[in-house]
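1. coords please:
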Amino acid sequence: MGTMNISLPDSLKEYVDEQVGQGGYGTSSEYVRELIRKDQDRKRLRGLILQGAASGLADPVDSKYFESLRVRVRTSRK
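-> Take a look at the predicted model:
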């Protein structure tokens, strides 16, 4: 595992220390790792949303669509 040292203004360090104490994190490193993971997840989700938006229009979601889903589920269980 790599090591990274960061400098924070006192107000941000105090905030991190509060979050560690209140959020169930053992160390400030755990808190920062969780923030980085959440940022990665947010970026992945944003990419998927943009990909979906660029993919064009989908078929309408109506009663026929839902019935086709039901049929697929029923046949996949057999």
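
2. in this protein, which helix or strand is least confident?
-> In the chain, the helix or strand scored least confidently by mean pLDDT, DSSP states H and E is helix 63-76, which has a mean of 92.

3. which helix is the longest one in this protein?
-> With secondary structure taken from DSSP state H, the chain has its longest helix at helix 28-54.

4. next one: that helix to chain centre, how far?
-> Going by CA atoms, centre = their mean, to the nearest Å, the spacing between the C-alpha centre of helix 28-54 and its chain's C-alpha centre is 5 Å.

5. Neighbours of Ile36, how many?
-> By other CB atoms under 10 Å, 10 other residues sit near Ile36. Placement of C-beta: from N, CA and C, glycine included.

6. Oh, that last question was meant for Ser63, not what I typed.
-> For Ser63, the neighbour count with other CB under 10 Å is 7.

7. likewise Tyr15?
-> By the measure other CB under 10 Å, the count of residues near Tyr15 is 13.

8. For the helix or strand containing Gly21, which outside residues touch it?
-> With elements taken from DSSP states H and E, the one containing Gly21 is helix 10-23. Around helix 10-23, the neighbours that count as contacts under CB atoms under 8 Å, 6 or more residues apart in numbering are Leu8, Tyr25, Gly26, Thr27, Ser28, Glu30, Tyr31, Val32.

9. Pick out the most distant pair among those.
-> Considering CB to CB, no two members of the contacts of helix 10-23 lie farther apart than Leu8 and Gly26, which are separated by 18.6 Å.

10. That'll do, ta.
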